[in-house]
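In: What shape does this take:
(chains A and B)
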Protein chains: 2
Amino acid sequence: MQKVFNRVAIFGVGLIGGSFALALKKSVAVKQVVGVGRSQASLEVAKQLGIIDHIATSIEEAVTGADLILIAAPVAQTESILRSIQPFLQAQTIVTDAGSTKADVVAAARRALGDRIAQFVPAHPIAGRELNGPQAALVDLYVGKKAVITRLPENAEDDVASVAWAWQQCGAIIHYLQPEQHDAVFAAVSHLPHLLAYALVDDIARKPHADTLFQYAASGFRDFTRIAGSSPEMWRDITLANRVAMLEELDSYMARLAELRAYLVQADSAGIESVYSRAQQARHNWISAIEAAEKQHREGGD
Amino acid sequence: MQKVFNRVAIFGVGLIGGSFALALKKSVAVKQVVGVGRSQASLEVAKQLGIIDHIATSIEEAVTGADLILIAAPVAQTESILRSIQPFLQAQTIVTDAGSTKADVVAAARRALGDRIAQFVPAHPIAGRELNGPQAALVDLYVGKKAVITRLPENAEDDVASVAWAWQQCGAIIHYLQPEQHDAVFAAVSHLPHLLAYALVDDIARKPHADTLFQYAASGFRDFTRIAGSSPEMWRDITLANRVAMLEELDSYMARLAELRAYLVQADSAGIESVYSRAQQARHNWISAIEAAEKQHREGGD
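Out: Sure, this is the predicted structure:
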């Protein structure tokens, strides 16, 4: 495993890519960071903020000589970015991504990279904010967070280790899942909640008395809908990319709502309380487990 | 309007009643606070924490001589508490409550108090935490928050002013709504979100692979489900008390989910993005309005 990257190229220098660059630089894990992206303005901001050292003037220039390429753009762009990289990809370069879905990204990578697929190590850091762009990047965004690597059968052990090492330099804890397993898990605990939050805000916004309703919305509503402040483009792509798993989770959730609706119609006090109590207990157990893990992590265990 | 309460009696010295007591004491708006409740242990804790000065040994003792009585118990208990108070209620005493629903509370008060109904000024402070009990009480829980008074036609102007003054001493901003209007608004922006958050956690907790799912749940899930950490008993009561308005909101929301489900089935990118974009924009506008209001408030405006 190499201990310093000479050159890391980042496609998409926003919250995710920018935070990765800042953290690698802070831990002196990289000598030079090159930025590539659709928006020249964002690249200029990233350079001013010290996130990148250099703005690539072409894909060829960005890719040539890179030890590691991170794709940190909305997942629907992964295939076209990989296709643009492919002609210039050198044998020693590892390509990874930070996409929130993995099965579609792997399929896109197989199409775009062909017999170079072994060089692509898919990954997903479990961290985010409801803000976007290089201005939102944080050096400690990944500290104590999980980074899931969905390694491919073709990947070399050393390449997987290099990607893991990079995320560890950012403070992340490495987990391994299969791509399909990853997508099923995150459909339930991340992608569906985003859809539900967007749906609630939109539902209220479309009512004739929306202004009055928003006037009385308070901190509970604010936290519940925080994720509805996230990038619509990014989450549209995730929703489409993972729509089969999301449909399964949505149907399960809508069945739960139908059950609660029946309790409301029947004024079934015990039924309502059973759902609320189980949920409160499950959440309490989950928070306790998180806090115990964080404590162990702070004290130097894993 | 009186400027100091000689004696305030609080039925239910938990988060809501305890924070009210702490804030009144801090602003020297009360000489003595008396606590009443189902749990002797909670009353002892409240006394040790300086929330109350005295634990009432009977309802008669609590009520006699009180200028103001606050009922801060789960809403389903309001009627039985008011019935227990009624025989001892003196003409100069104002009774108020902090319940999250108002139409049912007003109906309960009319049944329990009969021709003393003019003495009951219903209210609802819009503040909370997902923690319960006197240990959770905060002196600044209500600072900058709204307190909604749903005054009755029978209420004397002075009594309404006294209740408003008490909440203002806690730092709250007074709003007035009709009880039914109040319940419709909070069904949409508070009660339904609680039901939705409980439903999601319960849905996940009941899956066979719940442990794996919770392991990968992160900060977005944590914020989305924070309100599912709230008291199941309290929220069961609110749900039942406001079930007609909640059913209306739930049906509206389920229709929105059905619309999104159709977009998923059809892989309708534009449809998904339209919902997500409208929601993000509406939430952005709402947050901007809140921040402007907070700024104005800090600078000494309304």
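In: Any buried residues in stretch A:70-81, and which?
Out: Taking 16 or more other Cβ atoms under 10 Å in any protein chain shown as the neighbour-count basis, stretch A:70-81 is seen to contain the buried residues A:L70, A:I71, A:A72, A:A73, A:P74, A:V75, A:A76, A:Q77, A:T78, A:E79, A:I81. The C-beta positions use only the backbone N, C-alpha and C, and glycine is treated the same way.
In: Mind checking which of those are in strands?
Out: Cross-referencing those with the strands (criterion: DSSP state E) gives A:L70, A:I71 as the overlap.
In: Closest one to chain B out of the buried residues of stretch A:70-81, please.
Out: For chain B, the closest of the buried residues of stretch A:70-81 turns out to be A:A76, at 8.6 Å, with distances computed as Cβ to the nearest Cβ.
In: pLDDT wise, what is the spatially most distant residue from the centre of chain A at?
Out: Ranked by distance from the centre of chain A (Cα atoms, centre = their mean), the top residue is A:Q266, with 41.4 Å. Confidence per residue is given as pLDDT, and for A:Q266 that number is 98.
In: buried set for stretch A:158-174?
Out: Neighbour-count burial for stretch A:158-174, with 16+ other Cβ under 10 Å as criterion, is recorded at A:159-164, A:166-174.
In: Check whether it comes near chain B.
Out: No - for stretch A:158-174 and chain B, the contact criterion (Cβ under 8 Å from any Cβ of the partner chain) is not met; the two come no nearer than 11.3 Å.
In: what is the mean pLDDT for that stretch?
Out: Looking at stretch A:158-174 alone, the average pLDDT works out to 97.
In: Max pairwise distance over the buried residues of stretch A:70-81: which two?
Out: The widest separation within those, taken as Cβ to Cβ, falls between A:L70 and A:A76 and amounts to 17.0 Å.
In: what secondary structure does A:Q32 sit in?
Out: Of the three states, A:Q32 takes strand according to DSSP: H, G, I helix; E, B strand; the rest coil.
In: Retrieve the pLDDT associated with it.
Out: Confidence at A:Q32, expressed as pLDDT, is 97.
In: Over to the one 3 residues further on?
Out: Turning to A:G35, the model gives it a pLDDT of 98.
In: any low-confidence regions in the stretch 201-302 of chain A?
Out: For the stretch 201-302 of chain A, the stretches flagged by pLDDT under 70 are A:300-302.
In: ok so, going back, now the two most distant members of the buried residues of stretch A:158-174.
Out: Across the buried residues of stretch A:158-174, the longest distance by Cβ to Cβ is 21.2 Å; it joins A:D159 and A:G171.
In: could you pull out the helices for the stretch 151-300 of chain A?
Out: Listed from the start of the chain, the stretch 151-300 of chain A has helices (DSSP state H, counting those that start in this stretch) covering A:157-169, A:179-186, A:192-205, A:210-216, A:219-224, A:232-241, A:243-265, A:269-298.
In: can you list contacts of the first one?
Out: Contacts with helix A:157-169, where a contact means Cβ atoms under 8 Å, 6 or more residues apart in numbering or on different chains, come from A:1-3, A:5, A:20, A:23-24, A:27, A:29, A:67-68, A:94, A:96, A:118-119, A:121, A:123, A:125, A:142, A:147, A:149, A:151, A:174.
In: Near chain B, which residues of the stretch 1-150 of chain A are found?
Out: Remark: the part of the stretch 1-150 of chain A in contact with chain B comprises A:I126, A:A127, A:G128, A:K145, A:K146, A:V148, using Cβ under 8 Å from any Cβ.
In: again, 6 Å this time
Out: If contacts are counted using Cβ under 6 Å from any Cβ of the partner chain, the residues of the stretch 1-150 of chain A sitting beside chain B are A:I126.
In: What residue in the stretch 1-150 of chain A comes nearest to chain B?
Out: A:I126 (4.8 Å).
In: Count the residues that sit near that residue.
Out: A count of neighbours around A:I126, defined by other Cβ atoms under 10 Å in any protein chain shown, yields 21.
In: circling back: mind checking which of the contacts of helix A:157-169 land in strands?
Out: When those are checked against strands (DSSP E), the matches are A:F5, A:L68, A:I94, A:T96, A:V121, A:A123, A:P125, A:A147, A:I149, A:I174.
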